[in-house]
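Enquirer: would you be able to build a 3D model of this:
(one chain, ligands or ions: 1)
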Amino acid sequence: MDLTLPEEVQLLRDSVRAFARDVVAPSAAERDRTGAFPTEILRQAAALGLYGIKVPEEYGGTGASMLAYVTVMEEIAAACASTAVSLAVINLGADCVMRFGTDAQKKRFLTPLCRGDLQAAAFCLSEPHSGSDAAALQATARRDGNGYVLNGTKQWITNGAHAGFSVVFARTTPDGGAKGITAFVIPQGTPGFRVGKEEHKMGLRSSNTVQMIMEDCRVDDSLRLGAEGQGFEVAMAGLDGGRVGIAAQALGMGRAALQEGVRYAKERKAFGKTIADLGAVQDFIADTAMQLDAARLLVWRGATMLDRGLRITREAAMAKVFSTEAAGRAADRMLQVHGGYGYVNDFPIERIYRDVRVTRIYEGASEIQRVVIGRAVTAGG
Ligand SMILES: Cc1cc2nc3c(=O)[nH]c(=O)nc-3n(C[C@H](O)[C@H](O)[C@H](O)COP(=O)(O)OP(=O)(O)OC[C@H]3O[C@@H](n4cnc5c(N)ncnc54)[C@H](O)[C@@H]3O)c2cc1C
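Expert: The predicted model follows:
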């Protein structure tokens, strides 16, 4: 078994690492303070091909593998988690159109997105009263002539205010459960589709999280993504890959936490020596390094299996729960290594500690991942 990255992925990683170091990281603390959306950084990311990493070249994408995607996510998240989540959702929106869109929809939405003509994409599944239980969503899409009229509120929508298009899920059959849901791709500026309240989050503060509100929003049939009633399948199709992607995001944050902790421990002196020489600090560093390496192996396993066309529901859940929890522990331990300085925003560890927390919640909370793993294992998987 070869555990080194293929050469083309290494090349991509090296260029993204340089971009993350030179362009993304320097303004991360400032954007965390102001909450400014990383507009210019994302423009440059699009130019590097990071808006449609898995989108085929014929639609303007990079046509790279899932392994390439997780490698990019780790690098960007190590520099700025807010930028990473914005990019992740852009790629998620692109992925839905890629899998279920018609050729005309791909040309209309993917090509300008990958070119950077659209600032972002959004994925509108969650609602105020449905998150983990996504099939309980209540937004409606009523048939009307050659189109649909949409009503409802979407909650926690990353990139919502900046999205050139949003993939939106609404109910075409009342009480139809998961089978009554249909997906649409709605361009920015469509009458009746507007940005609602912006959330003020503990972390990921320079990512955009808003409500998206539909009030008699009329879309014609050309904006339906997939068949009527296929919406839940559209939402779930990219989920396993999305979970491995979040695992990679968390891994990047955990890696950054470790790097910050080690740097600080080598400089800080107590009782006549650097704290890096203290056994307790060495234990923190050793445990963190081990767990992050294990997380990376789970991330790479999931990505590689997906690239081979294998089903990875169990492996994706394992990667997500393990990596996000390992990264959370990494941030906590490395904050401890900083002592009081870890509790103020003079050092990046305070931001990483806040940013990493949400990775255990979105794209399937840890509790849901454990249900998935438990079911798979008891079923003999
Ligand atoms: C910053 C941020 C960005 C987000 N971006 C997006 C986005 O772009 N698009 C989008 O559609 N959504 C987005 N989300 C929503 C996110 O996916 C949901 O928050 C997540 O799915 C959890 O749903 P919930 O918040 O409604 O919690 P709930 O589903 O209400 O869960 C509450 C608690 O109950 C537990 N729980 C629920 N069901 C079970 C069960 N069966 N077994 C055990 N425990 C259970 C959960 O694990 C959790 O601990 C985002 C959220 C955040 C915070």
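
Enquirer: could I get the full set of strands for the protein?
Expert: Applying DSSP state E to the chain gives strands spanning 120-124, 140-144, 147-158, 163-171, 181-187, 193-198, 209-220, 224-225, 269-270, 273-274.

Enquirer: now for these, which one comes closest to the ligand?
Expert: Set against the ligand and scored by Cβ to the nearest ligand atom, those come closest in strand 147-158, at 3.4 Å. The way it works is simple: take the backbone N, C-alpha and C, and place the C-beta from them, glycine included.

Enquirer: run the angle between the closest one and strand 163-171 for me.
Expert: Calculated by axes from the mean of the first three to the mean of the last three Cα atoms, to 10 degrees, strand 147-158 forms an angle of 110 degrees with strand 163-171.

Enquirer: other SSEs contacting strand 147-158?
Expert: Here strand 147-158 touches helix 81-100, strand 120-124, strand 140-144, strand 163-171, strand 181-187, strand 209-220, going by 3 or more Cβ pairs under 8 Å, 6 or more residues apart in numbering; DSSP states H and E.

Enquirer: could the ones you listed go into JSON lines alongside mean neighbour count, mean pLDDT and distance to the ligand?
Expert: As requested, the helices and strands packed on strand 147-158 are exported to JSON lines (neighbours: other Cβ atoms under 10 Å; pLDDT from 0 to 100; distance: least, Cβ to the nearest ligand atom, whole Å):
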{"stretch": "helix 81-100", "mean neighbour count": "26", "mean pLDDT": "97", "distance to the ligand": "5"}
{"stretch": "strand 120-124", "mean neighbour count": "28", "mean pLDDT": "98", "distance to the ligand": "5"}
{"stretch": "strand 140-144", "mean neighbour count": "17", "mean pLDDT": "97", "distance to the ligand": "16"}
{"stretch": "strand 163-171", "mean neighbour count": "25", "mean pLDDT": "98", "distance to the ligand": "8"}
{"stretch": "strand 181-187", "mean neighbour count": "24", "mean pLDDT": "98", "distance to the ligand": "12"}
{"stretch": "strand 209-220", "mean neighbour count": "19", "mean pLDDT": "98", "distance to the ligand": "5"}
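
Enquirer: just put those in TSV and tack on distance to residue 278.
Expert: Compiled in TSV, those are given as follows (distance: least, Cβ to Cβ, whole Å):
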stretch	distance to residue 278
helix 81-100	29
strand 120-124	45
strand 140-144	60
strand 163-171	48
strand 181-187	54
strand 209-220	40
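
Enquirer: if I pick the spatially closest residue to residue 16 that is not a sequence neighbour, what's in contact with it?
Expert: Excluding its sequence neighbours, the residue lying closest to residue 16 (Cβ to Cβ, 6 or more residues apart in numbering) is residue 75, at 4.6 Å. Listed by Cβ atoms under 8 Å, 6 or more residues apart in numbering, the contact set of residue 75 reads 13, 16-17, 20, 252.

Enquirer: just the terminal-to-terminal distance for stretch 59-73.
Expert: Counting by Cα to Cα, to the nearest Å, you get 22 Å between the two ends of stretch 59-73.

Enquirer: so for it, mean pLDDT?
Expert: For stretch 59-73, mean pLDDT is 97.

Enquirer: and for stretch 327-345?
Expert: Stretch 327-345 shows a mean pLDDT of 98.

Enquirer: just stretch 262-279 next, same as before
Expert: Averaged over stretch 262-279, pLDDT sits at 97.

Enquirer: which residues touch that stretch?
Expert: Around stretch 262-279, the neighbours that count as contacts under Cβ under 8 Å, 6+ apart are 281-282, 285, 334, 337-339, 341, 347, 349.

Enquirer: which ones among those residues map onto helices?
Expert: Among the contacts of stretch 262-279, the members found in helices (DSSP state H) are 281-282, 285, 334, 337, 349.

Enquirer: just the buried residues of the residues you listed.
Expert: If you count burial by 16 or more other Cβ atoms under 10 Å, the buried members of the ones in helices among the contacts of stretch 262-279 come out as 281, 285, 334, 337, 349.

Enquirer: quick check, the last one in contact with residue 333.
Expert: Going back to what we said before, that points to residue 349. No - Residue 349 is not in contact with residue 333 according to Cβ atoms under 8 Å; the separation is 10.0 Å.

Enquirer: anything in contact with each of these two?
Expert: 257, 261.

Enquirer: re earlier: just the closest of the contacts of residue 75 to the ligand, please.
Expert: Nearest to the ligand among these: residue 252, at 16.3 Å, using Cβ to the nearest ligand atom.

Enquirer: OK, contacts around the closest one?
Expert: Residue 252 is in contact with 73-79, 81, 84, counting by Cβ under 8 Å, 6+ apart.

Enquirer: now it. Nearest residue, chain neighbours left out?
Expert: Residue 252 sits nearest to residue 77 (Cβ to Cβ, 6+ apart), 3.0 Å away.

Enquirer: tell me the contacts of that neighbour?
Expert: Shown in contact with residue 77 (Cβ under 8 Å, 6+ apart): 84, 248-253, 256.

Enquirer: same thing but 7 Å
Expert: By Cβ atoms under 7 Å, 6 or more residues apart in numbering, the residues touching residue 77 are 84, 249, 252-253.

Enquirer: then residue 57?
Expert: Counting by Cβ under 7 Å, 6+ apart, residue 57 makes contact with residue 63.
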